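Participant: with the input below, show me the fold.
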Amino acid sequence: MDVAKFSSFLVKVTSRCNLDCDYCYVYHHADQSWRSLPKLLSIKHLKFFAKRLEDYTKESNLKHCTVVFHGGEPLLAGAQKLADFSEILRSVCSIPVDISLQTNGLLLDEQALTILADADISISLSLDGPKTANDKHRLTRKGQSSFDKTEKALKLLQNHPEAFTGVIAVIDASTSPDELFEYFDRFQIPRLDFLLPDANWFRQPPGRNQDPGLYEQWLVKAFDVWLDRYAHIPLRTFEALLDVCAGLPSSTDAFGFGDVSLLSIETDGSYHDLDVLKITQEGATRLFGNVLDTPIADVACSAPIQKHREYLSKDGLSVTCQSCEIVEICGGGSLPHRFGENGFVNPTVYCNEMKRLIGHISDRLQEHLDDISDESDVEPLPEEFDLACYERAEMSAASMTWLANSAEIDAVTHLRSALSLLPGNEQALRLASLPEALFSWIALHPGTIAWSSALIAQQCGQTLSAVDGSAIDVSPAYLDLLVELADSFDDDQSFDVGRDDQWLRAPFGGAIFFEGAELTFEGRALVNSAMAIVRDWRPALAEEMMDVCRAVQFVRDPAADPSKIVSFSDNSVPGALYVSISQGDYLIDPYDLADSLIHEHRHQKLYLLERHAPTIERTAAQVVSPWREDLRPPSGLLHAVFVFVELRRFWMHVRDRGPANMKSRAVNQIADTDSNLKKAFATLRGCPLTDVGQTLVMLLRRAAVEGKKSDEHVTHFAPNLPVIY
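Facilitator: All right, here's what the predicted structure looks like:
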């Protein structure tokens, strides 16, 4: 049975609070079980939880997890006790454990912050805005303001950016968005999150009965203020909606479909579901068992968790939601907000707000895309462009030359535009005076493309951040490396392997670990061996790879299984291939590296085509991919099919002509690929493909049956093209 996989654990270290916020879901909603809970989590329960967590990570093959200290107010337990708790958790657990806490800040002084920072506990602060906004709801039990102490905590956190994760603010529609953003903009907040007041169909959002459009108007106004004036403030709520409106995975469980990944533990050690479900009814979060007597794996497969998972799928939504045009974006809304007479099978109580906001964001996004389209003037594919020839390296010369020439023109234009933004810079002037052929070669370097695009975007006022959310510094100092590349120009066609190049790495921040220089020498030899395998098999493919791709970087995923070989590529750094070359203490086999290089080259090849001809109509839909655990946009699934059709050819060659020690591996690879391709093609039938996408899928479907025994199915799809092994 498919079961939930918990990766986050909300641990209630206290059940009491030193504030009396009138909207709090713990103390002022339906579930009042806090009254009978121990005030503090005992060391005994914490130690048992640590052991249960370690057992669960092994049973579920979890490689990384998050523990959030929560309450009540967790600092009522004392900063040192929380530091001791974190030491116990990390000493017992054999995997990395990220530990954080959510605090109102009243007890966060310099000493406490130092203790928490030294214990590697990150901190998120609850603060609703300036004093006039914060004191509407966040008062002490004696009715006094909490603002001064909380703002003092915010200022302290700015001095410890390594421990500061962000601010959570609950919306009060009587406070204008302009006032909120003006206040928060005074601080360096790594991430801001706006939350709607917790409500459901039995307890409506405050103030909406008197003004039905209250929250709709506020949200639309807030989005426009943020997008037009404060987009440099990372705001999770709006960024998540922009992502899902653009067809990307959501970064929050409030929008889009998902799965249950969080388990709560109360101060008595009992297991609970999503904490905010306390707004619905007494005992709504209670699961069976306690850390003293029940393994976490048993809770993961329990009936309440399975039911929760159903509610997060389309089949678990109300009929109204299932037929709604924004269901793929909204996902039915936050589960606690759906509660009513039909249990959770209702639209969110904020349904009208979601429709209005999502519609508005989609319109703004479309305006932006239209502006880009008008400005970029991307040339469409020529009429004679042959997709069948494009897909096959042996026949792709004409089509790939056209795509490469177009990419070169754009790269040269971007670099010259970027250099023009640095008048008087000696290195910029030197690069601008290079011979045209050498200038084009420099412009096509993947790091150059990433740097010049970032500099132009920054000049246009855009905020630049890496994949992990960290800020990116666009410095003219990068030109020193480009000049060095120009001075060392070698006409010999080969990959730029393992170079310590800032702009081959900057877009990923700390999300990717890059290998050190000690592996570069061995890595180059391994890349040469892998490319020799490709060249001996299909010289045309090797030549195409060298024409399309320019750089290879060595990466490692510390959180992944040591036996897993990871690789990726990204269109923000076109022509760069990111591959792992080690498994544990050993280098991988050249055949495995050949697989990775071919894999990422195919992504880059399809990116070139998609610059001129989209393969998927604009959609916010998410689909299942046989190769991934998370939902993917249809474009991601098509990319996977484009990649694995080529890898299938490679492993058929290895099976038939490769070394004996790889034959069994090849047979298994082919079997897995055939199975996954069959599922992927079935899913693509329901995706909104463009004409180019439909033709490409048809060609790939035919290629996916090459080499199989003749039967009716193969005869039907077999193309009049040479079979390549």
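
Participant: excluding its backbone neighbours, what's nearest residue 290?
Facilitator: Among residues not flanking residue 290 along the chain, residue 269 sits closest, at 4.6 Å (CB to CB, 6 or more residues apart in numbering). All C-beta atoms are positioned from the backbone trio N, CA, C, and that covers glycine.

Participant: contacts only, for the one you found.
Facilitator: 41-42, 45, 48-49, 290-292 (CB atoms under 8 Å, 6 or more residues apart in numbering).

Participant: how far away is it from residue 108?
Facilitator: 27 Å (CB to CB, to the nearest Å).

Participant: domain parsing for this structure?
Facilitator: 8-362, 385-525+537-588, 614-725 (automatic domain parsing).

Participant: turn the ones you listed into a markdown table, including distance to residue 606.
Facilitator: Listed next are the domains of the chain as a markdown table, based on distance: least, CB to CB, whole Å:
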| stretch | distance to residue 606 |
| --- | --- |
| domain 8-362 | 16 |
| domain 385-525+537-588 | 10 |
| domain 614-725 | 5 |
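
Participant: if we can go back for a sec, looking at the contacts of residue 269, which is nearest residue 209?
Facilitator: Checking the contacts of residue 269 against residue 209 by CB to CB gives residue 41 as the nearest, at 39.3 Å.

Participant: list the contacts of the residue nearest to residue 317 when sequence neighbours are not counted.
Facilitator: Nearest non-adjacent residue to residue 317, counting by CB to CB, 6+ apart: residue 332, 4.5 Å away. By CB under 8 Å, 6+ apart, the contact set of residue 332 is 311-312, 316-318, 321, 338, 347-348.

Participant: gap between the closest residue to residue 322 other than its chain neighbours and residue 483?
Facilitator: Distance criterion CB to CB, 6+ apart; nearest residue to residue 322, sequence neighbours excluded, is residue 314 at 6.2 Å. The gap separating residue 314 from residue 483 is 54 Å, by CB to CB.

Participant: for residue 68, what are phi and psi?
Facilitator: Phi and psi for residue 68, reported as degrees, to the nearest 10, are phi -110, psi 120.

Participant: relative to residue 664, how far out is it?
Facilitator: Counting by CB to CB - residue 68 and residue 664 are separated by 45 Å.

Participant: of those two, which one has the most company?
Facilitator: residue 68 (21 against 10; other CB atoms under 10 Å).

Participant: quick check, that one in contact with residue 13.
Facilitator: No. Contact criterion CB atoms under 8 Å: residue 68 and residue 13 do not qualify, at 10.0 Å.

Participant: hey, where'd the strands end up in the stretch 201-350 of the chain?
Facilitator: Secondary structure of the stretch 201-350 of the chain (DSSP state E, counting those that start in this stretch): strands at 262-265, 270-272, 286-290.

Participant: so which of those strands is nearest residue 596?
Facilitator: From the strands of the stretch 201-350 of the chain, taking CB to CB, the stretch that ends up closest is strand 262-265, at 33.4 Å.

Participant: re the thing from before, more neighbours, residue 314 and residue 483?
Facilitator: Between residue 314 and residue 483, counted using other CB under 10 Å, the more crowded position is residue 483 (16 against 12).

Participant: and the more buried one, what does it touch?
Facilitator: Shown in contact with residue 483 (CB under 8 Å, 6+ apart): 427, 430-431.

Participant: filter these to the buried ones?
Facilitator: 427, 431 (16 or more other CB atoms under 10 Å).

Participant: tell me the one of the contacts of residue 483 nearest residue 383?
Facilitator: residue 431 (37.0 Å).

Participant: helix or strand right after whichever helix or strand that closest one is part of?
Facilitator: Per DSSP states H and E: residue 431 is located in helix 426-432. Next along the chain after helix 426-432, taking DSSP H and E as the criterion, comes helix 436-443.

Participant: can I get whichever helix or strand comes after that following helix in PDB, CA atoms only?
Facilitator: Sequence order places helix 446-459 as the next helix or strand after helix 436-443, per DSSP H and E. C-alpha atoms of helix 446-459 as PDB (Å, rounded to 0.1, in the frame of the first residue of the first chain):
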ATOM      1  CA  PRO A 446      27.000  29.200 -20.300                       C
ATOM      2  CA  GLY A 447      28.300  31.400 -17.500                       C
ATOM      3  CA  THR A 448      28.500  34.400 -19.800                       C
ATOM      4  CA  ILE A 449      24.800  33.900 -20.700                       C
ATOM      5  CA  ALA A 450      23.700  33.600 -17.100                       C
ATOM      6  CA  TRP A 451      25.800  36.600 -16.000                       C
ATOM      7  CA  SER A 452      24.700  39.000 -18.900                       C
ATOM      8  CA  SER A 453      21.100  38.000 -18.500                       C
ATOM      9  CA  ALA A 454      21.300  38.700 -14.700                       C
ATOM     10  CA  LEU A 455      23.000  42.100 -15.200                       C
ATOM     11  CA  ILE A 456      20.300  43.200 -17.600                       C
ATOM     12  CA  ALA A 457      17.500  42.000 -15.400                       C
ATOM     13  CA  GLN A 458      19.100  43.800 -12.400                       C
ATOM     14  CA  GLN A 459      19.300  47.000 -14.400                       C
END
